[in-house]
Each structure stands twice: as structure tokens, then as C-alpha cells.
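Enquirer: can't give you the sequence, but here's the structure:
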Ligand SMILES: O=C(O)CCC(=O)C(=O)O
Ligand SMILES: [Fe+2]
């Protein structure tokens, strides 16, 4: 199972689309491509638009990780994996995050904790990025629901989720060897929109066990579905296993806009996706309760907790 495969992720062009182009031939064509890509890969590259000031955004991210640890840990959210974090087995990885980063005031609150004297470039660029990524998330979810003929659930789908922006730094490996940035996993949440400073490293596994080395242009983003969306579709879409491998001598900066179901909301497959050929795969669950259970099992050194174990239906 070598890396270096020449296979690419499917690429879908959203550059002429927005929520107002719903139902146009361009929208319908993108919808078919999105559904096909998600069925085959659980993921795709989406070409959309330039992130304003991206160079300044990445240099502001560099400044953020250069702050002293006691400053970086000032952000404390109660949901697992959302505040500043690093892991003993992953020496190249460090991350922090901002809840509701598509709302400027929320980004400014974070910025003020990191830089009491303000850092307008950080706030403005991170907010613009998050808005663009949240537009993409909503268009993609609308297309997925539309492709199953159940667009009527779209508003509920959007209202029952929230956004968290994960900001990641992967240090360049020192030895010159390939090194683990992030171990192979599936995302647990609904959907993830990824972007980076064009230092490659993201690898996505295909259903046949090949690893695709993902490359992106400044206008493109990677969309991945997570375990929660897969469960909601009653297994019609499968989340892709992915990892980050660092090569070369440049640090990698990555942004991931995570869409996650709100606490108190019960994730449940719509009745249209459950029938005798597709028996229910997951009992209804609260994502926030699941992720808390998952995080505490990880803390206990157990790595075998997943959504199937948590609420999978035994057939
Ligand atoms: O940095 C990346 O490209 C991937 C990050 C990722 O997979 C994650 O945070 O779950
Ligand atoms: Fe991931």
C-alpha cells in the first residue's frame, strides 16, 4: 500500500454558483457530480473562489502559533478537540480553534484573547475564510439532500448544526524522512471543508486501499464527509479515511471548517432513506454526547470507540 499514487480526487467547479443559482443547469450538473464523488470517495475537491488576502492570513496563523503557550491555552471551550491541543504521539501537530468563526464578533473575541492589542488582519482574514467555507458547506449539503430527493430537510439540517474552525500547524519533519502529521482517521462530525497553504500532505484512502496525495490550488477546497453525515444518510455515503504525511522542510498550515450537530439535537436518518433494502444502521444519537464519550475513551488510551460501537444497530 504505497503512497505516491497518481490518482486524483474528483474536482467539481462551483465558481459560478451561489445559493441563488439553486436549480440552474450549472447547479444541477454540480449536484450530480457531488453525489457521484461522495459515493465513490466520500470527498472531492471543490473549486470556488479566492480566499481574500490568503498570504496575510497564513502569516497571521504563523504568528498565532509563535505566541507563548500560556497565551495559546487561554481559549477554552467545553467541547473536546476544539481548544488548543497537541498530542504526545504526534510531535509535528499543534492546533487551536474558534467556535462560530463565520461570525466576525466570535473571531474578534478569540483574537483579543491572543493579542490584547488586536490583530485586525487575523480577524478579518480568518472570518472571510470561514464565511466562504460555510457557504460551501451549505451549498454542498443542499445538493446532497436534493440528490436524495429530500431537500425539505435542508433548513432543519442547517439549523441543527454549528461551525467550528480548526487552525492547524504541522511542523516540517526534522530528519528529512516522511513523518506522521496526523494518523489515519475518519472525521466524526457532519462535514469538513479543508484548505491549506499549498504544502501537500493530506492523503485520502480510496475504497480499494490506494492513497491519493491531495493537491489544491488557491481557489480550491477539499470537502470530506464525516461519520455523522454518513449515519444520517443511513450509510448511503461513506466517510473517507484520511491522514497527513509531512515531507520536505516547510511547515504546513491548514484550516478545517467543521460542521457539527448541536448538543440536544438528535441525529436520525430520515424515513425516506430507510427501507427493507436499507435497514436502519444507527440508532438516533446526540453528536455532542457521542464526541464526549469518544474523547474520554481516547483519554483512557482506548482507540476502539466509534459511532458503530456507540449506537450501531445490530442486524
Ligand atoms: O490538515 C489537514 O489537511 C487535515 C486535517 C484533518 O484531517 C482533521 O483535522 O481532521
Ligand atoms: Fe480529518
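Expert: Received, thanks. Being a predicted model, the structure only gives us computed values, none of them experimental. Ligands and ions are numbered 1, 2, ... in the order given.
Enquirer: hmm, who's touching stretch 137-147?
Expert: 14, 17-19, 22, 27, 30-32, 34-35, 38, 46, 151, 153-154, 157-158, 163, 190-191, 193, 223, 229, 233, 237, 257, 259 (C-beta atoms under 8 Å, 6 or more residues apart in numbering). Every C-beta, even on glycine, is put in place using the N, C-alpha and C of the backbone.
Enquirer: what does stretch 220-227 give?
Expert: With C-beta under 8 Å, 6+ apart, stretch 220-227 has contacts from 9, 11, 38, 42-48, 133, 136-137, 140, 186-195, 202, 204, 214, 216, 237-240, 242, 258, 306-307.
Enquirer: any idea of the pLDDT on the residue in the chain positioned nearest to ligand 1?
Expert: Proximity of the chain to ligand 1 (C-beta to the nearest ligand atom) peaks at residue 254, 3.4 Å away. For residue 254, the pLDDT comes out at 98.
Enquirer: list the strands paired with the stretch of helix or strand it belongs to, with their directions.
Expert: For residue 254, the element it lies in under DSSP states H and E is strand 252-261. For strand 252-261, the paired strands and their directions (DSSP bridges) are strand 161-170 (antiparallel), strand 191-196 (antiparallel).
Enquirer: might you calculate how far the next helix or strand after that strand sits from the centre of the chain?
Expert: Using DSSP H and E, the helix or strand that follows strand 252-261 towards the C-terminus is strand 266-267. Relative to the chain's own centre, strand 266-267 is displaced by 19 Å; criterion: C-alpha atoms, centre = their mean, to the nearest Å.
Enquirer: so which of the contacts of stretch 137-147 are in strands?
Expert: Mapping the contacts of stretch 137-147 onto strands (DSSP state E) picks out 46, 163, 191, 193, 223, 257, 259.
Enquirer: who are the contact partners of the fourth one?
Expert: Residue 193 makes contact with 133, 136-137, 221-223, 256-257, 259, according to C-beta under 8 Å, 6+ apart.
Enquirer: dump these to JSON lines, plus neighbour count and distance to residue 176.
Expert: JSON lines is the format used below for the contacts of residue 193 (neighbours: other C-beta atoms under 10 Å; distance: C-beta to C-beta, whole Å):
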{"residue": "133", "neighbour count": "27", "distance to residue 176": "33"}
{"residue": "136", "neighbour count": "21", "distance to residue 176": "36"}
{"residue": "137", "neighbour count": "23", "distance to residue 176": "37"}
{"residue": "221", "neighbour count": "27", "distance to residue 176": "30"}
{"residue": "222", "neighbour count": "21", "distance to residue 176": "27"}
{"residue": "223", "neighbour count": "25", "distance to residue 176": "32"}
{"residue": "256", "neighbour count": "21", "distance to residue 176": "27"}
{"residue": "257", "neighbour count": "24", "distance to residue 176": "32"}
{"residue": "259", "neighbour count": "26", "distance to residue 176": "37"}
